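**Q** sequence first, predicted coordinates after that:
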Amino acid sequence: MSGGTELSNSKSSTINFKFREKLDSVIEGFRHNYCYQCGACVADCPAGAYSERFNPRLIMLKAILGFEEELIAPESEIWECTNCYTCSERCPQDVRPIDVIIAMKNLCIREGKAPEAIGRIYDSVLRSGITTKISSLIERRRAEFGLAPLKEYPIEDIRKILEGD
Ligand code: SF4
Ligand code: SF4
């Protein structure tokens with residue numbers, strides 16, 4: 001299992017309890033506050049199996065203690081999460097760690113603190129509704145293979161969802 005099992009292994013950071021309030025504003029139910037550090041979410045976490053520093057139990061502890069500087073950053077370990085939802089199935093407290101992690105990723109995007117590649121994908125979806133630009137070459141190849149032209153995306157609706165309007 002992952003090596004980063006104790007908080008003392010993490011980088012030093014100022015404890016900031018206001019971070020709870022910030023998280024509570026982007027995630028329904030305040031679930032992270034109910035984490036009692038049992039570690040059930042760690043055992044089958046695929047990201048934890050491959051990353052020395054990734055540990056959903058510790059991420060919940062850092063969230064509760066307000067390690068904002070460490071978590072809301074392009075180099076944060078939250079970006080190693082695969083969004084598989086196994087932790088949510090294992091957690092006896094219904095904390096749903098993945099939802100907390102996604103909320104923190106959303107905060108990173110909102111504050112311009114996501115990794116550059118993620119920011120580029122976000123901008124592309126905001127602009128065109130899709131993550132990858134469709135070139136004229138791809139359109140020609142689709143036609144050669146008898147595939148239908150790609151449909152128009154409801155870009156205004158997508159923007160509303162992304163921007164929370
Ligand atoms: S969703 Fe949960 S179990 Fe899956 S990688 Fe992320 S933290 Fe680990
Ligand atoms: S399984 Fe739930 S209560 Fe236990 S450490 Fe993970 S998030 Fe916290």
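**A** Yes, it's here. These figures come from a predicted structure and were not determined experimentally. Numbers count the residues shown, from 1 in each chain. Ligands and ions are numbered 1, 2, ... in the order given.
**Q** rest of the way, CA atoms for contacts and neighbours
**A** Will do.
**Q** beyond the helix or strand hosting Leu58, next helix or strand please.
**A** Remark: Leu58 resides in helix 56-65, with elements defined by DSSP states H and E. Toward the C-terminus, helix 56-65 is succeeded by helix 68-71 as the next helix or strand (DSSP H and E).
**Q** quick one: distance of stretch 43-62 to the chain centre.
**A** Distance, stretch centre to chain centre, for stretch 43-62: 13 Å (CA atoms, centre = their mean, to the nearest Å).
**Q** now do the contacts for the residue lying farthest from the centre of the chain.
**A** No residue in the chain sits farther from the centre than Glu144, which is 38.0 Å out by CA atoms, centre = their mean. By CA atoms under 8 Å, 6 or more residues apart in numbering, the contact set of Glu144 is empty.
**Q** from Leu137, how far out is it?
**A** From Glu144 over to Leu137 the distance is 11 Å, taken as CA to CA, to the nearest Å.
**Q** re the thing from before, now do the residue farthest from the centre of the chain, the pLDDT please.
**A** pLDDT for Glu144: 95.
**Q** so which bits of stretch 77-89 are buried?
**A** Neighbour-count burial for stretch 77-89, with 16 or more other CA atoms under 10 Å as criterion, is recorded at 77-81, 86-88.
**Q** how about the residues of the protein by ligand 1?
**A** Residues of the chain lying near ligand 1 by CA under 6 Å from any ligand atom: 45-47, 56, 81-87, 98.
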